[in-house]
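*Asks:* Structure, please.
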Amino acid sequence: MKQRCKWCNPKNELYIDYHDNEWCQKNFDDKYLLEMLILESFQAGLSWECILNKRNSFKNAYDNFDIDKIINYDEEKINELLTNANIIRNKLKIKASINNAKIFKQITNEYKTFYNYLKTFTNDKTFYEIDNTRNDISDAISKDLKKRGMKFVGTTIIYSYLQAIGIIYSHDKECFMYKKVIIK
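*Replies:* Numbers count the residues shown, from 1 in each chain. From the prediction side, this is the model:
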């Protein structure tokens, strides 16, 4: 049996698949970056496992994370999301997800891609850190996103987001995915 990060529930196949094939792996496609940002913002106050278990339901409810549809959600769609028992039915988070998608779109229009925006903070580097929940980069991105009007993007959420998309690589030393990095 493979040794995985301590947070990965070995009894949850979705979690194992996410850990082994997605978490900390570079994926800078804008659609994926939006999906992860929305999912991470819904995680606030909850476990990632809870969100991951509802991920397919979120994909269905959020039109497969099509940004052009999300930015046009109206009160009728908000009410539909609020009654969807398969996702997190938090009105503040639902409204924030729509607002955040609009700001995400503005950023992609300004920088051509959301990853280009993130690179202004990261210099296109991967960071190898274990057991942190924030760093100077997540602080700066969080501060800037809040200044632009995003909600549920505190430094801990942004740190988790950066791990999810592969900017921060954080597999435990005991994990079979761990990479020893020699810094010169």
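
*Asks:* What mean pLDDT does stretch 103-111 get?
*Replies:* Across stretch 103-111, pLDDT averages out at 98.

*Asks:* low-scoring pLDDT stretches of this protein, where are they?
*Replies:* Residue ranges of the chain with pLDDT under 70: 181-184.

*Asks:* In the longest helix anywhere in it, which residues are buried?
*Replies:* Of all segments of type helix in the chain, defined using DSSP state H, the longest is helix 91-111. Buried residues in helix 91-111, defined by neighbour count with 16 or more other C-beta atoms under 10 Å: 93-94, 96-98, 100-105, 107-108. (Each C-beta comes from the backbone N, C-alpha and C, glycine too.)

*Asks:* Please export the C-alpha coordinates of that helix as CSV.
*Replies:* C-alpha atoms of helix 91-111 as CSV (Å, rounded to 0.1, in the frame of the first residue of the first chain):
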residue,chain,number,x,y,z
LYS,A,91,-26.0,32.1,-0.2
LEU,A,92,-22.9,34.2,0.5
LYS,A,93,-20.6,31.7,-1.1
ILE,A,94,-22.9,31.3,-4.1
LYS,A,95,-23.1,35.0,-4.7
ALA,A,96,-19.3,35.3,-4.1
SER,A,97,-18.6,32.6,-6.7
ILE,A,98,-20.5,34.6,-9.3
ASN,A,99,-18.8,37.8,-8.3
ASN,A,100,-15.4,36.1,-8.3
ALA,A,101,-16.0,34.7,-11.7
LYS,A,102,-16.7,38.2,-13.0
ILE,A,103,-13.4,39.5,-11.5
PHE,A,104,-11.6,36.4,-12.8
LYS,A,105,-12.8,37.3,-16.3
GLN,A,106,-11.6,40.9,-15.8
ILE,A,107,-8.2,39.6,-14.8
THR,A,108,-8.0,37.3,-17.7
ASN,A,109,-8.9,40.1,-20.1
GLU,A,110,-6.2,42.3,-18.5
TYR,A,111,-3.5,39.6,-18.4
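
*Asks:* Just list what it packs against, helices and strands only.
*Replies:* helix 30-43, helix 67-70, helix 75-82, helix 114-122, helix 136-148 (3 or more C-beta pairs under 8 Å, 6 or more residues apart in numbering; DSSP states H and E).
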